[in-house]
Structures are given as structure tokens and as C-alpha cells.
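**Q** Predicted model and sequence below, questions to follow.
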There are 2 protein chains.
Amino acid sequence: MAETHEGQPLLIVGSVAFDSVETPTGRADMALGGSASYASIAASYFAKPQVVGVVGEDFHAHHMARMRDHGVDVRGIECMPGKTFHWRGRYHEDLNNRDTLETALNVFQHFNPSIPDAYRDTRYVMLGNIDPTLQLSVLDQTRGATLVGMDTMNFWIDTARDPLLEVLKRVDLLFINDEEAMQLAEEWTVLGAAGAIRRMGPKYVVIKRGEYGSVLFGPDLTLFVPAVLLTSVVDPTGAGDTFAGGFMGFLSRGGTLTRENFAQALAWGTVMASFTVEAFSVEGICNLQRPAIEQRRQQLLDMVRY
Amino acid sequence: MAETHEGQPLLIVGSVAFDSVETPTGRADMALGGSASYASIAASYFAKPQVVGVVGEDFHAHHMARMRDHGVDVRGIECMPGKTFHWRGRYHEDLNNRDTLETALNVFQHFNPSIPDAYRDTRYVMLGNIDPTLQLSVLDQTRGATLVGMDTMNFWIDTARDPLLEVLKRVDLLFINDEEAMQLAEEWTVLGAAGAIRRMGPKYVVIKRGEYGSVLFGPDLTLFVPAVLLTSVVDPTGAGDTFAGGFMGFLSRGGTLTRENFAQALAWGTVMASFTVEAFSVEGICNLQRPAIEQRRQQLLDMVRY
């Protein structure tokens, strides 16, 4: 049993998947992946995640145990006839680019998130990177959330811009990478993109810049946290989901949305993501001990403590 | 007359050039450029730069005045028969890539830096991005410098690796961008590259990551400073030279090489570079007023003050 928090609940809606990943140095086959898996395990170090997702009949008890062992509430994961969502991809030599070799949506194709009544009042909500129409459906089922964060990607910006703009009007915080931010905002700078996106709805935007760190923009607020410098990166898959999970997990412990709390959330998200990329699948963030996490956070903050 | 420092001397050896630059939004023709021009004007806000370089007969008094007006000591700039070094380039839409359309070395082809006797005891030395054999020649002419910084680029890593390794053994600090650092070190991560480069000689390495900031590595020392977020970038030419000039200019004011001084040097280099990219040629860093510089530094530090 990992060291987990009996913390405040954080509702996470997203994909639970099997990933088959090839990198220049190795490979993983049919390993646990998906935005909700990464986000919930990362969040479990700070909060009590409640996951809503869907899996197929090939999703076995030991897969579910990975999450349950971290105190993740998996009652909202529906099991449907058929196979679990499967993504297969191959990373290039520099790990900054990848090719998708196969996307088998399987049971995810018919996913229509139904939020269990027990989760509908959860105050902190993370909408993982899924179809914006499903994100809207989740929002319709929740009641009075304090803070709703969402993630998205270029695919939805290209193919579902209208529903995406609807979701943006109804969330508090968007996680997005720098290229996608500029694509969404039709702006050429991160600063310009952040301003344009905030005018679309979310009061806060976190722009992720991969190995370069991340920036949070809010009212009279710009915060930057660098990434942890690592000697070896094994597999970048799930880094963004882990970041969002750690970030939202920390904030869901309550407290006000101060500069200091946001800075801490950024740092924790960054630290958790640094563990994810050091191993395939969710291995890097499973069973982490508190001192290891704290040490890496210290290392991160030292870089910007002048 | 710009607001300048009657500070400590900083010897800068590099190119003085005319640049013709096209960007998606504009162009400049035969405008003042070159590593020594950018570095010396940037350094002039902190120190008394002494420039060693070469120009042709087409380099007129008003070009020299741009530097002299900033208190730059230009007695080491030799004027030779022929034309000044001319670079012509065009930036791509995103400003992160550029094509060189023409490189006319002209008088620079025969440049063999001769350090005036009055400069040979200067304690702070910046070797701009020139042929490593010339950088070695400069080192042979200096006497007991306290801190020698150097810049280089992929061209020298590809074509003059052996002399470059010789220079590295004899300098204290290398400025290099992230891709070139990995190329030089034959390592895949910034952390790995920094370690390998430090084993080649320089005690300190500053890895520049463009619009993402920069990291300094030294003994038991890792410092990160983000870049200034700008709403508009006009022309990135000279950003790295400006950064090095501001950084070395600040350090040449003396004081020990503490964590705090390095952090300040990184911040000043970053701030000066942010002004350079907002205009063509050296326009962005000419005649800056102290409050404008200070305000931007504050903005930068606020981003990482949690």
C-alpha cells in the first residue's frame, strides 16, 4: 500500500487506457495509461481522487489495483463489454516528437460519463483531455464546484472548436501546452495566447512548456516554475496528465487561490511529472515515498531561489 | 548621450558587422550587428566595455558613435581596407528558425585580433562567437584575467572541434544554447551536457534556452532564470550576444562569484536580451533609461518569487 492521503476529494474524468510505447531505449506493451490514470495516481499524494472513466473486459483486477492501492476511488470506472482504449505510439530519438501508430478507442468510443451521485458535489473537478462535448456533459452533472480545471489538445482545437469554446466559458483553469495555446488563441506569443484564452473564459491558464517548465497566468498574476532537470528521460507519455493531477490534487486540499498556493501547485505538478517521465507507464509515480518527493521539490525550488 | 557606467573594464572580442535581416513583419538593411556590438552596448549599462574587432572602410563615424555614445571604448576596433563583415538572413514565421542568405566575411576574413597593450591586464574578458583559433590567440595576449567567458556556435563545433576544446580548457565560463550544448557534449539532456562540458574545462556553463530562459551550472550550483514574456518579438538577432554582454558586464563590476551575483548576472543578461529582440539591430538596447530596465527586471523576478 502506497503512502496516500485521506485528503479532500478531487473528481477526475478522463481516459483509462492501455498504452504500447516504443522509445529509443525500450518499450512497454499494454501498460496502464490514459489521462485519468496518470492524473489520479499523481493526485493521490495530496488528495482523494475519484475517477470517472470506462474500461473493457480486458482490464483486470491488478490494473485497477494500481489505482486503488493509491487510495483512488475507482467506483466511477465503468466496465463495458469489449476492449479497453488502446494507444500505440513511437517516440523519435529526441523524445520531443512521437508518431501515433494505432488508436483503438474500443469501449471509449461509447463513453458517456455518468457522474455517480456521491461525486456530484465534489468541489474540485479535473476534466481530462477528452471530447469537449463529454466535458460539457460532466459539467452539467456537477453541482457548485469550487474549482474546475480542464485539459485539451490540438485534436479538439482542430475538430471540435465550438464545443471547446463552450467548455472554456464554464471552467476556471485551462492546462495547455504552448503550441496548442498559440493555436487555440491564434496568437504568436505565449503572453498573447494566455491573454486571449483568459478572455475566452478561464480565469487561470497554465501553459506547459515541457522540459522548459510552465507558466500560470491569472488576474495580476504570472508565475513561472522550471522543469526538474533530469539525467535520463525514459518515456514522456502522461507527463501533462500527471502535472495536472499533482497541481489539482494539491489545490483540492483547500485554502484560497493565493499566489503562494498556486506556486506550490505548480511545483508539485512539476515534481510529479518529473517522476512520470523517468519510467514507462505509471511506474514512476507508483509507491513514491514522501522524502523522495520532497527532495525533488527542494531541488526544483533551489534553482530559482536567488 | 546614453546613461552609462564609468564602471570596471570588460574586454570584448568579437565581430562588428552589418546585418540585413528580414522577418515576417519587417526588415533592416545594413544595420549595425555582430557579437561585439550587441555585447558591448548591453555591457555598457554595467561596465566599461573595451571592444577588439575589425571593420571596413564602409563603417562610418555614425556607426562607431552608436557604441561610443554608450561609453564603449572603441580604440581596439581596427579599420581595414575593404568592406565590413555582412550577414544577410531571413527568419521563418515563428522566428525560431532562420535561413542565412549571405555571409560576406570581407575584412573579417583576415581578422587577427591584436589586443592593445592597455587592455591586456583587463580582469574580465568576453570571447564572442568567433573562430576558436582566434579565441586562443586572444587568450595568449591577455595577462591574468579573473574571469573569461566565451560563446560559440554549431559551426565551430562541426568544423573546429579541436581548437574549440583547447579554448574550453582555458576559460571559466561557456555561454551556449541547449541544442549546441548537447551537440558539443554528445549528450541527450541539458543536465548531462552541462556536466560533460564542465569536465572539458569551464567551471561554469550557462545554457541558453531562448524564449524559455537560461540555466547556469557550476560547482554545487544550478540556477535558472526564465525569459521575459513579451507581447511582440521583432528580431531575435543578437539576443545571445546581448545576454552574454549584460551577464559579463554585471559580473565585471567585481564582487565574488557567489550564487547571488550569478543570479543577478543571469537576470540582467535576460533583461537586456529582452530589449534586443523587441527591435531590429541594436535599436532595442540603445539609450535605455534605468527605470525601464529596473522595471523589467522586477517583472522577471516576480515570476519566480513565490
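**A** Cool, got the structure. Numbers count the residues shown, from 1 in each chain, chains lettered A, B, ... in the order given.

**Q** From what I see, residue A:146 and residue A:123 are in contact.
**A** Yes - with contacts counted by C-beta atoms under 8 Å, residue A:146 reaches residue A:123, the gap being 4.1 Å. All C-beta atoms are positioned from the backbone trio N, CA, C, and that covers glycine.

**Q** Neighbour count: the two, which is higher?
**A** More neighbours surround residue A:123 than the other of residue A:146 and residue A:123, with 17 against 13 (other C-beta atoms under 10 Å in any protein chain shown).

**Q** residues touching that one, list them.
**A** By C-beta atoms under 8 Å, 6 or more residues apart in numbering or on different chains, the residues touching residue A:123 are A:8-9, A:144-147, A:252.

**Q** And for residue A:131?
**A** Each residue near residue A:131 by C-beta under 8 Å, 6+ apart is listed here: A:156, A:160, A:163.

**Q** Quick check: of the residues you listed, which lies closest to chain B?
**A** Sorting those by distance to chain B puts residue A:156 at the head of the list, at 22.2 Å, by C-beta to the nearest C-beta.

**Q** is stretch A:225-241 up against chain B anywhere?
**A** Yes - using C-beta under 8 Å from any C-beta of the partner chain as the criterion, contacts between stretch A:225-241 and chain B involve A:225-226, A:229-233.

**Q** Columns secondary structure and distance to residue B:298 on top of those, output as CSV?
**A** As requested, these are exported to CSV (DSSP: H, G, I helix; E, B strand; the rest coil; distance: C-beta to C-beta, whole Å):
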residue, secondary structure, distance to residue B:298
A:225, strand, 19
A:226, coil, 19
A:229, coil, 26
A:230, coil, 31
A:231, coil, 34
A:232, coil, 37
A:233, coil, 34
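
**Q** who wins for neighbours among the contacts of residue A:123?
**A** When neighbours are taken as other C-beta under 10 Å, the top entry among the contacts of residue A:123 is residue A:252 (27 neighbours).

**Q** Relative to residue A:35, how far out is that one?
**A** Taken as C-beta to C-beta, to the nearest Å, the spacing of residue A:252 relative to residue A:35 amounts to 17 Å.

**Q** same thing with residue A:173?
**A** In this structure, residue A:173 and residue A:35 are 15 Å apart, going by C-beta to C-beta.

**Q** And those two? Which one has more around it.
**A** The residue with more neighbours, out of residue A:173 and residue A:35 and counting by other C-beta under 10 Å, is residue A:35; that gives 27 against 24.

**Q** tell me the contacts of that one?
**A** With contact taken as C-beta under 8 Å, 6+ apart, residue A:35 is in contact with A:14-15, A:128-130, A:151, A:238, A:241.

**Q** and the longest helix seen in chain A with chain B, contact?
**A** If you go by DSSP state H, chain A has its longest helix at helix A:259-276. Yes - shown here: helix A:259-276 in contact with chain B (C-beta under 8 Å from any C-beta) through A:259-260, A:263-264, A:267.

**Q** Show the pLDDT at the one residue in the stretch 1-150 of chain A that gets nearest to chain B.
**A** Closest approach between the stretch 1-150 of chain A and chain B, counting by C-beta to the nearest C-beta: residue A:94, at 7.2 Å. What the model reports as pLDDT for residue A:94 is 82.
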